[in-house]
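Asks: here is the input, now give the coordinates:
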Amino acid sequence: MTKVREVLTPALLDEYRREGAVRLVGAVPARDAEAMAATLRRKIEARPKRAARPAQLSSRTGEFAAMASPSVRAVLNEILGDWEEPAHWGLPLVSFHTGEAAWDVPHEHWHVDLGARPQDPRLARLFAVLAPSRPGGGGTGYIAGSHVLIRALADAAGRALPSAQARKALAARSPWFAALTSPPTGEDRVRCFMREGSELDGTAVRVCEMLGDPGDVILMHPLLMHAPTPNVLATPRMMLAQFVYGRA
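Replies: Model prediction:
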């Protein structure tokens, strides 16, 4: 049996709570990651036309079940306790070169999947890396620390807030969030939003990309604000995403 300490160490668990996302190196065995990548490539190659972001690549035949490795299951046991087995593991997220000449921090589509909630939902969000994910390669962008602010907004409201409402509330309180979610005006967005970041109510925030090697798994807090990013590399971004719900 895989011990959670081998995968989600105390330091990584602290990073997850602080940043809202953490990379679990080698959580899926390399041979399984390569087999699932080969399956995904076959699905893509079977398409008559290749789109920049191909959709409807999921499988109902268990082809991506290896995403639920013993290490991944151990982590889910740690953060959720008892949880529901998904009917099908692994929703493919693929992006080829999306057409931009140069990579930049996006200003659109920043969101929280389930909106802002007064307490952490018993839910895990997982991304398994099937092909090397490098800077500028289309890895999901996320705002480290934003889950703390999102939860505080919902706490103050005493109710759940739709994602768009939470985003507007943060922009109204922070020039940094306002600039991040507005059309660019010539600023160096990589420096401003990724290198420098900002702080709101004592919480440090900055934009990050989901990066990793085949077999790595990114555990993302369900209240973390995130957005798709451009892929300006010649290599495709290939990941599997999964929601896992804790039992009531």
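Asks: residues contacting stretch 161-175, please?
Replies: 110-113, 115-116, 146, 149-150, 153-154, 177-178, 180-182, 198, 200, 225 (Cβ atoms under 8 Å, 6 or more residues apart in numbering). (C-beta placed from N, C-alpha, C; glycine too.)
Asks: now do 6 Å
Replies: Applying Cβ atoms under 6 Å, 6 or more residues apart in numbering, the contact partners of stretch 161-175 are Trp110, His111, Val112, Gly115, Ala116, Ile150, Leu153, Ala154, Phe177, Ala178, Thr181, Leu200.
Asks: check contacts around Trp110.
Replies: Residues in contact with Trp110 (Cβ under 6 Å, 6+ apart) are Arg167, Thr181, Met225, Ala227.
Asks: pipe the contacts of stretch 161-175 into TSV and attach distance to Val28, secondary structure and pLDDT per row.
Replies: Converted to TSV, the contacts of stretch 161-175 look like this (distance: Cβ to Cβ, whole Å; DSSP: H, G, I helix; E, B strand; the rest coil; pLDDT from 0 to 100):
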residue	distance to Val28	secondary structure	pLDDT
Trp110	28	coil	98
His111	26	strand	97
Val112	26	coil	95
Gly115	30	coil	80
Ala116	31	strand	80
Ile150	28	helix	94
Leu153	34	helix	94
Ala154	33	helix	92
Phe177	34	helix	98
Ala178	39	helix	98
Thr181	33	coil	98
Leu200	35	strand	98
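Asks: ok, of the residues you listed, which come out buried?
Replies: Buried by 16 or more other Cβ atoms under 10 Å: Trp110, His111, Val112, Gly115, Ala116, Ile150, Leu153, Ala154, Phe177, Thr181, Leu200, out of the contacts of stretch 161-175.
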